[in-house]
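Chemist: Quick one, what's the 3D model for this:
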Amino acid sequence: MKGVLSISFFFCCLLLLLDSSISLPLCVDSRAPLTLNKTLEFCPYNGSTCCNSTEDAQIQKLFQVNNVSDPGCASILKSILCARCDPFSAELFTVQSSARSVPVLCNSTVPANSSQSKTEVEDFCSEVWNTCKDVSIVNSPFAPSLQGQAGAPAHANATKLTDLWQSKTDFCTAFGGASDNSSVCFEGEPVSLNKTETSITPPRGLCLERIDNGSFLNMVAHPDGSNRAFFSNQMGKVWLATLPEEGSGGTIELDESSPFVDLTDQVYFDTQFGMMGMAFHPDFAKNGRFFASFTCDKSKWSGCNGRCSCNSDVNCDPSKLETDHGAQPCQYQTVIAEYSANSSGSQPSSVESAKPTEVRRIFTMGLPFSSQHGGQILFGPDDGYLYLMMGYGGGAGDPYNFAQNKKSLLGKIMRLDIDNIPSAAEISKLGLWGNYSIPNDNPFSEEKDLQPEIWALGMRNPWRCSFDAERPSYFFCADAGQDLYEEVDLITKGGNYGWRVYEGPYLFHPAQSPGGNTSVGSINPIFPIAGYNHSELNKNEGSASITGGYVYRSTTDPCMTGRYLYGDLYAGAIWAAIEEPQNSGNFNSSRIPFSCARDSPIQCESSPGNSLPALGYIFSFGEDNKKDVYILASSGVYRVVRPSRCSYACSQEKATNTTTPTPSPSPSHATRWSVLSLYLLLQCSFLLLILLDFM
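Modeler: Model prediction:
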């Protein structure tokens with residue numbers, strides 16, 4: 001590295017610097033920070049950091065090239081260059097999706113709602129200016145690209161801040177920013193966040209109302225923003241339903257005899273098999289594209305024809321695999337197929353049924369065994385790509401170590417572009433598993449050993465993942481354990497979540513390893529943010545299997561706001577995890593009592609000797625367009641409602657929830673941000689026109 005790229009800054013747009021900030025420990029390449037056992041040689045970071053020893057040495061060389069003679073300025077410059085190692089470097093070095101040469105320097109001395117740890121975040125930007133303004137810095141990272149406008153007139157050999165910038169005000173307008181509850185700034189030391197102890201007090205309880213008796217595996221809010229949602233069962237039927245008002249006494253309006261689409265002829269249904277996921281294109285209201293993820297049996301359906309995931313590329317020979325519950329290796333396959341709700345003369349939003357005719361095969365892969373194959377699909381709210389959650393494929397203890405094998409797609413979260421489909425020849429050349437392309441910023445672009453589809457690895461059997469509706473960079477996945485621990489992971493680009501080296505936070509010792517082992521020291525595992533031991537639920541049998549949920553963002557129960565809800569399949573417990581400190585990536589989890597509202601439209605059943613409602617099995621959670629959260633259980637559909645309906649105390653309920661508004665179509669999260677971005681752009685343009693008028 002011979003220098004640092006200069007970055008373009010428009011004065012008016014920098015006024016919007018904090019509007020889109022969302023803090024989360026992430027590195028500039030969108031990966032999670034590393035965990036080191038020692039302090040870096042040059043940069044004073046240890047424990048959690050975004051630099052390894054090689055990157056630390058590169059920063060040291062860059063600092064030496066800057067050739068700063070003044071000790072005070074040299075110390076400040078070193079801290080600024082080393083900020084790339086900060087666990088929050090993605091936020092510090094990225095503003096409005098544009099990379100920066102310098103982190104956001106704190107320039108606010110009275111941050112009333114600062115999330116950072118000091119009671120007063122120092123005016124570090126002024127300190128940088130005052131200390132370094134007359135000091136020569138070769139290849140200065142502070143050089144403006146709009147010289148003559150944002151900075152001083154261009155000087156070919158300028159090395160001092162006073163030569164590059166007209167004043168401290170201009171300098172700090174470009175490089176400075178304040179810390180608030182949604183952002184961080186750099187003050188010369190590693191970012192540290194405040195703790196707000198009162199926020200971790202768990203709610204009194206979770207109040208539910210039962211609004212349907214049906215048993216469903218998936219729920220997806222209608223993309224048009226209305227009070228409708230799609231429900232699907234494991235056998236392969238999808239229904240379009242209307243959701244009742246909370247507290248209205250109504251139930252779900254769904255005609256069981258008239259499904260939206262019936263895929264049962266293609267889906268193979270059994271205890272471990274069936275339709276595992278469905279997703280609707282972000283532009284479904286215009287293009288009618290929707291997708292189903294299911295398992296098929298190639299002995300019963302000719303369309304079940306993908307190649308086997310056990311192959312020579314991953315050091316697996318299918319001829320050496322024994323039958324599993326009577327099935328041959330790769331007799332069962334995971335499929336993602338595309339369908340259409342477009343019909344003659346009708347908008348997709350008004351269509352109430354679709355043909356089960358496959359438009360396009362997105363993905364097909366044979367499964368080595370008959371369990372642990374995940375199958376959920378989701379569209380990323382920010383990037384629009386399709387995420388596929390894949391388990392390790394079965395067999396006790398992942399005997400072939402598929403989850404850690406970077407050439408295998410088993411035990412992985414994949415990220416696919418289904419809007420740009422290559423030609424058949426290109427698909428064959430690239431060795432893809434169907435009709436999709438690879439996003440350019442998938443982790444393979446930085447780690448050549450990874451298969452290009454892979455977004456994260458080391459998963460055992462991810463069972464229900466979700467993006468936080470308010471902070472889409474928070475991507476939660478519950479991962480079912482083997483014998484000991486059930487976990488919740490915060491998924492990041494290229495993250496390795498440990499299986500089968502670890503089961504949750506514990507080292508795992510497989511009984512057999514025909515596929516080889518992965519050593520503990522060869523990976524940097526990301527440990528769970530929450531979870532529970534099997535013995536917590538069933539001390540005798542240890543039965544447990546996690547079901548992931550959602551971060552609660554509805555106003556219906558304000559005491560649940562911001563908490564990630566998840567449960568156990570056997571319906572004996574539900575937990576709420578809260579981030580503490582806010583934006584830190586650290587979570588505290590509490591088991592939450594739950595009960596059924598006295599005025600529930602359908603009365604809940606009770607279990608003998610148990611005060612909890614008898615939900616049966618908790619298969620999944622759901623979320624509607626108002627961000628109300630639902631539990632999809634074997635005994636019916638339950639919705640989280642106002643706590644007072646179960647006599648739970650919530651001091652915020654009265655002020656926040658006097659009445660429940662009538663649902664109306666509302667824009668999606670992405671649409672709301674698009675509108676906000678357009679508004680901010682217009683404001684920015686208006687300011688720029690005013691400035692130009694005075695020039």
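
Chemist: Buried ones in stretch 382-399, by neighbour count?
Modeler: Residues of stretch 382-399 classed as buried: 385-395, 397-399 (neighbour count, 16 or more other Cβ atoms under 10 Å). For every residue, glycine as well, the C-beta is placed using N, CA and C.

Chemist: Check stretch 537-554 too.
Modeler: Neighbour count says stretch 537-554 has L537, A544, S545, I546, T547, G548, G549, Y550, V551, Y552, R553, S554 buried, by 16+ other Cβ under 10 Å.

Chemist: Quick check: the fifth one touching S620?
Modeler: Meaning T547. Yes. T547 is in contact with S620 according to Cβ atoms under 8 Å; the separation is 6.4 Å.

Chemist: For the residue lying closest to L490 once chain neighbours are set aside, grab the count of nearby residues.
Modeler: Once flanking residues are discounted, L490 sits nearest to I529: 5.0 Å by Cβ to Cβ, 6 or more residues apart in numbering. I529 has 19 neighbouring residues, counting by other Cβ atoms under 10 Å.

Chemist: joint contacts of T547 and S620?
Modeler: Each of R464 lies in contact with both T547 and S620 under the rule Cβ atoms under 8 Å, 6 or more residues apart in numbering.

Chemist: Quick one: end-to-end length of stretch 89-106, please.
Modeler: Taking Cα to Cα, to the nearest Å as the measure, stretch 89-106 stretches 14 Å from start to finish.

Chemist: tell me which residues in that stretch are buried?
Modeler: Result for stretch 89-106 [16+ other Cβ under 10 Å]: buried residues 89-96, 100-106.

Chemist: out of those residues, who's nearest D56?
Modeler: Closest approach to D56 among these (Cβ to Cβ): S89, at 13.1 Å.

Chemist: how far away is that closest one from P44?
Modeler: Note on S89: its distance to P44, by Cβ to Cβ, to the nearest Å, is 14 Å.

Chemist: Let me know whether R307 touches T334 as I believe.
Modeler: No. R307 lies out of contact with T334 (Cβ under 8 Å); the separation is 11.9 Å.

Chemist: Quickly list what's touching both of those two.
Modeler: Shared contacts of R307 and T334, counting by Cβ under 8 Å, 6+ apart, come down to T364, M365.

Chemist: And the two? Which one has more around it.
Modeler: The neighbour count for R307 versus T334, taken as other Cβ under 10 Å, is higher for T334 (28 against 14).

Chemist: would you list every one of the strands in the stretch 401-550 of the chain?
Modeler: In the stretch 401-550 of the chain, strands defined by DSSP state E, counting those that start in this stretch lie at 412-416, 454-457, 462-467, 475-479, 485-490, 502-503, 506-507, 530-533, 546-547, listed in chain order.

Chemist: actually the stretch 1-150 of the chain, not the one I wrote
Modeler: Counting by DSSP E, counting those that start in this stretch, the strands of the stretch 1-150 of the chain are 34-36, 47-49, 94-95, 98-99, 105-106.

Chemist: Sketch out the low-pLDDT regions of this structure for me.
Modeler: For the chain, residues meeting the criterion pLDDT under 70 lie at 1-23, 95-97, 109-114, 117-121, 145-156, 181-182, 195-200, 344-345, 539-542, 654-695.

Chemist: roughly how far apart are the residue positioned nearest the centre of it and D489?
Modeler: Centroid-nearest residue in the chain, with Cα atoms, centre = their mean: F475, separated by 1.5 Å. According to Cβ to Cβ, F475 and D489 sit 9 Å apart.

Chemist: Same check on L507?
Modeler: 17 Å.

Chemist: Please say which of the two ends up with more neighbours.
Modeler: The neighbour count for L507 versus D489, taken as other Cβ under 10 Å, is higher for D489 (27 against 9).

Chemist: quick one: the more buried one and Y497 touch, right?
Modeler: Yes. D489 lies in contact with Y497 (Cβ under 8 Å); the separation is 5.1 Å.

Chemist: Quickly list what's touching both of those two.
Modeler: What both D489 and Y497 touch, as defined by Cβ under 8 Å, 6+ apart, is the set M459, D479, I526, P528.

Chemist: domain ranges for the chain?
Modeler: For the chain, the TED database gives the domain ranges 23-96+122-176, 206-646.

Chemist: Quick one: distance of the last one to the chain centre.
Modeler: Domain 206-646 has its average C-alpha position 13 Å from the chain's average C-alpha position, going by Cα atoms, centre = their mean, to the nearest Å.

Chemist: what distance separates the start and the end of it?
Modeler: With Cα to Cα, one end of domain 206-646 sits 8 Å from the other.

Chemist: what about the nearest residue to A573 once chain neighbours are set aside, which SS state?
Modeler: Computed as Cβ to Cβ, 6+ apart, the closest residue to A573 that is not its neighbour in sequence is R591, at 5.5 Å. For R591, the assignment made with DSSP: H, G, I helix; E, B strand; the rest coil gives strand.

Chemist: Can you get me a residue count around R591?
Modeler: Using other Cβ under 10 Å, R591 has 14 other residues around it.

Chemist: Contact partners for it?
Modeler: R591 neighbours (Cβ under 8 Å, 6+ apart): A573, I574, W575.

Chemist: Please identify which of these is nearest to S248.
Modeler: I574 (24.2 Å).

Chemist: For beta bridges, what are the partners of the closest one?
Modeler: Residues in a beta bridge with I574, per DSSP bridges, are G567, I592.

Chemist: May I ask you to confirm that it is in contact with G567?
Modeler: Yes. The pair I574 and G567 qualifies as a contact (Cβ under 8 Å) at a distance of 4.3 Å.

Chemist: Looking only at neighbour counts, state which of the two leads.
Modeler: Ranked by neighbour count (other Cβ under 10 Å), I574 and G567 place G567 first, with 27 against 24.

Chemist: for the more buried one, what are its contacts?
Modeler: I546, T547, G549, A573, I574, W575, I618, F621, I631.

Chemist: let's see 6 Å
Modeler: Counting by Cβ atoms under 6 Å, 6 or more residues apart in numbering, G567 touches T547, I574, I618.

Chemist: can you tell me how far A396 sits from P613?
Modeler: In terms of Cβ to Cβ, A396 sits 34 Å off from P613.

Chemist: if we can go back for a sec, kindly indicate which of the buried residues of stretch 89-106 lies nearest M235.
Modeler: A90 (42.7 Å).

Chemist: of all the buried residues of stretch 382-399, which comes closest to S350?
Modeler: L386 (24.8 Å).

Chemist: looking at it, that closest one is touching M414, isn't it?
Modeler: No. Counting by Cβ atoms under 6 Å, L386 does not reach M414; the two are 8.3 Å apart.
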